[in-house]
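>>> need a structure here:
(chains A and B)
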Amino acid sequence: MEFVSPEGLRLDGRRPMEMRQIRAQIGVVAKADGSASFEMGNTKVIAAVYGPREVQNRSQQISDQALVRCEYSMANFSTGDRMRKPKGDRRSMEISLVICQTMEACILTHLMPRSQIDIFVQVLQADGGTRSACINAATLALADAGIPMCDLITSCSAGYLNSTPLLDLNYVEDSAGGPDVTVGILSKSDKVTLLQMDAKLPMDIFENVMQLAIEGCKAVANYIREILLENTKQLEYRRGR
Amino acid sequence: MVGLSIGEKHFIQGGIAQDIRTDGRKRLTYRPISVETGVIPQANGSARVRMGATDVIASVKAELGKPTPLQPDKGKVAIYVDCSPVAAPMFERRGGEELATELSVALQKCLLGGKSGAGAGIDLSSLMVIEGKICWDLYIDCLVISSDGNLLDTLGAAIKAALSNTGVPKVHVAMGPSGDEQPEVDISDEEFLQFDTTGVPVIVTLTKIGRHYIVDATSEEESQMSSAVSISVNRHGHICGLTKRGGSGLDPSVILDMVSVAKHVSEQLINKLDSEIAAAEAYEVES
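Numbering: from 1, shown residues only, chains lettered A, B, ... in the order given. Below you'll find the predicted structure:
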């Protein structure tokens, strides 16, 4: 099947190096300490952060740093066919673990010992790149909650179909069976905190695809910074400065 | 949720006794309701309803299925509620299952009528394709994104809005050569049947605090309740379902009074909802 037409257009009309349209909003769940919604094309996720708060399970308490927990769940209606069991399946547990480890890399946990930070991510619509959208939403939600972080983590995916590296795969391109590289970086220090790939790629092409994904992450980071700046201006305005 | 101090509890109870609640509303006033339709493009119909800080999404998916032998001339509807952990940390993993089951059952009682399917708010016979063989199965999935009290009313409103937004595809049937064979069905991509939701009831929950009842309680007010009665009323003022929750006993005359108050409140709620749904659909068509 042709994923890149001879003129260089993908199935949804994008160029190979073009990301989908991103949109983010801060403060969507009033009761959470911090929350954000993030959309990458048709993929929509909401992240909520509760914490730092007292550890619920005493046995898991860590005496010199905060405990970071994450849960990823998909809504019943998020995929094309209705999902029967939205929670507790292995894919959700794996993604929860991945998000937890990724976010832990940037949270300054030693500043909040014996406490717990909960990150909950809910997928409303899944159209490829849910992992990346969740990490981006979690970054915004953590910033909204005022949790000290050393850097912003952003994530993006890239693939390789019809001999072309493609940025930000949607569901159809992802299910095509080609490789799918997901990268998460610390935006200021340019360090990679998350790197996952499936299928196989020759080494030199892998470097290209990974570089493309990192460029995508940087673009997301610029957008996230704008959103956070805008949000801070709003807060200052309401405070009366 | 942080507990309430004694002073705050007195404040809530005293305010309600004087018809001034903590956010300035009167006892029988709803919070501002906002409705958005078509939020889930891949579903047949969907809506997102916000009542104050309570936020829920309802989506309707239609699949072809076989009608039950007991009611061969009716389609099937299943309502399923999921409490997202985003709404409250206690909903993580299986924590929200109890509340979700309670809400699903209450919604099914209010909207779908009895076991025989009689008296359903949704006209199930319009879901028929071929009697006895093929019918539409509607799966209504609700997701609670943010919870600040009065979940049942908000879910009822979301389901009503999602059903108004639902388009069931028209089906062209080609009968097989013999009557027993499974006929071929061709689901149209172009033509849709809009659902008629004028008969769908709304749910009004009256929460009793002290000697008075309030409508649309926030979660702080709900923590002070002695009991709550949820009544589903349709446009004609008929009661379609009733559930009482809470441990405190109620005198039967009090319940009858609550029912008449609910009928009165439901008129305004139905009008408000209908106008919000119409505005949302108009906005969706424009954009």
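>>> Now for the chain: which helix has the highest residue count?
Because you didn't say which chain, this covers chain A. helix A:203-239 (DSSP state H).
>>> not what I meant, chain B
helix B:252-286.
>>> Now that helix: average pLDDT?
The average pLDDT within helix B:252-286 is 89.
>>> Count the neighbours of the residue of the stretch 101-250 of chain B at minimum distance from chain A for me.
Scanning the stretch 101-250 of chain B for the residue nearest chain A gives B:Asp141, at 4.0 Å (criterion: CB to the nearest CB). The way it works is simple: take the backbone N, C-alpha and C, and place the C-beta from them, glycine included. Burial of B:Asp141 is recorded as 25 neighbouring residues (other CB atoms under 10 Å in any protein chain shown).
>>> in what helix or strand does it lie?
B:Asp141 belongs to strand B:134-146 when assigned by DSSP states H and E.
>>> just how off-centre is that strand within its chain?
Chain-centre distance of strand B:134-146: 11 Å, with CA atoms, centre = their mean, to the nearest Å.
>>> So is the helix or strand that it is followed by next to chain A?
Note on strand B:134-146: by DSSP H and E, the next helix or strand toward the C-terminus is helix B:151-164. No: applying CB under 8 Å from any CB of the partner chain, one finds helix B:151-164 separated from chain A by no less than 10.2 Å.
>>> Give me every residue in the stretch 101-250 of chain B lying close to chain A.
Checking the stretch 101-250 of chain B against chain A by CB under 8 Å from any CB, the hits are B:139, B:141, B:143, B:145-148.
>>> Including pLDDT, could those go into TSV?
Below are these laid out as TSV (pLDDT from 0 to 100):
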residue	pLDDT
B:Tyr139	91
B:Asp141	93
B:Leu143	94
B:Ile145	94
B:Ser146	93
B:Ser147	92
B:Asp148	91
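>>> By neighbours, which of those residues wins?
Highest count within those by other CB under 10 Å belongs to B:Leu143, 30 neighbours.
>>> Could you give the bridge partners of that one?
On the basis of DSSP bridges, B:Leu143 is bridged to B:Ile57, B:Asp82.
>>> how close does it sit to A:Ser132?
Going from B:Leu143 to A:Ser132 by CB to CB, to the nearest Å gives 22 Å.
>>> still on that earlier bit, what residues sit buried inside the longest helix of chain A?
A:206, A:209-210, A:212-217, A:219-221, A:223-224, A:227-228, A:231 (16 or more other CB atoms under 10 Å in any protein chain shown).
>>> Who are the packing partners of that helix?
If you count contacts as 3 or more CB pairs under 8 Å, 6 or more residues apart in numbering or on different chains; DSSP states H and E, helix A:203-239 packs onto strand A:22-26, helix A:130-144, strand A:153-161, strand A:164-167, strand A:180-186, strand A:191-198.
>>> The ones you listed: which one's closest to chain B?
helix A:130-144 (9.4 Å).
>>> Need the nearest residue in space to the residue of the stretch 101-250 of chain B closest to chain A, chain neighbours excluded.
Nearest residue to B:Asp141 in three dimensions, chain neighbours excluded: A:Asn76, at 4.0 Å (CB to CB, 6 or more residues apart in numbering or on different chains).
>>> After the worst-scoring helix or strand of chain B on mean pLDDT, which helix or strand is next?
Here the helix or strand of chain B ranked lowest by mean pLDDT, DSSP states H and E is strand B:184-194, holding a mean of 70. Counting by DSSP H and E, the next helix or strand C-terminal to strand B:184-194 is strand B:202-209.
>>> Tell me where the chain is predicted with low confidence.
If you meant another chain, say so; for now it's chain A. By pLDDT under 70, the weakly predicted segments of chain A are A:83-87, A:241.
>>> wait, I meant chain B there
The low-confidence ranges in chain B, as defined by pLDDT under 70, are B:1-2, B:114-121, B:175-185, B:188-191.
>>> my guess is the residue nearest to B:Asp141 meets B:Tyr80, correct?
Yes: A:Asn76 is within contact range of B:Tyr80, at 6.6 Å (criterion: CB atoms under 8 Å).
>>> where do the contact lists of these two overlap?
B:139, B:141 (CB atoms under 8 Å, 6 or more residues apart in numbering or on different chains).
>>> Dig out what B:Ala78 forms beta bridges with.
Bridge pairing for B:Ala78 - DSSP bridges - gives B:Tyr139.
>>> Test my guess that it contacts B:Leu124.
No: here B:Ala78 does not reach B:Leu124: they are 12.0 Å apart, not a contact under CB under 8 Å.
>>> who's more crowded, these two?
B:Leu124 (22 against 12).
>>> Can you tell me the closest non-neighbouring residue to that one?
Per CB to CB, 6+ apart, closest to B:Leu124 is B:Lys74, 4.0 Å.
>>> tell me, what residue is most central in chain A?
Nearest residue to the geometric centre of chain A (CA atoms, centre = their mean): A:Ile135, 2.2 Å.
>>> hey, what's the closest residue to it other than its chain neighbours bridged with?
Leaving aside its chain neighbours, A:Ile135 sits nearest to A:Ser155 (4.1 Å; criterion: CB to CB, 6+ apart). In this entry, A:Ser155 is beta-bridged to A:Gly184, by DSSP bridges.
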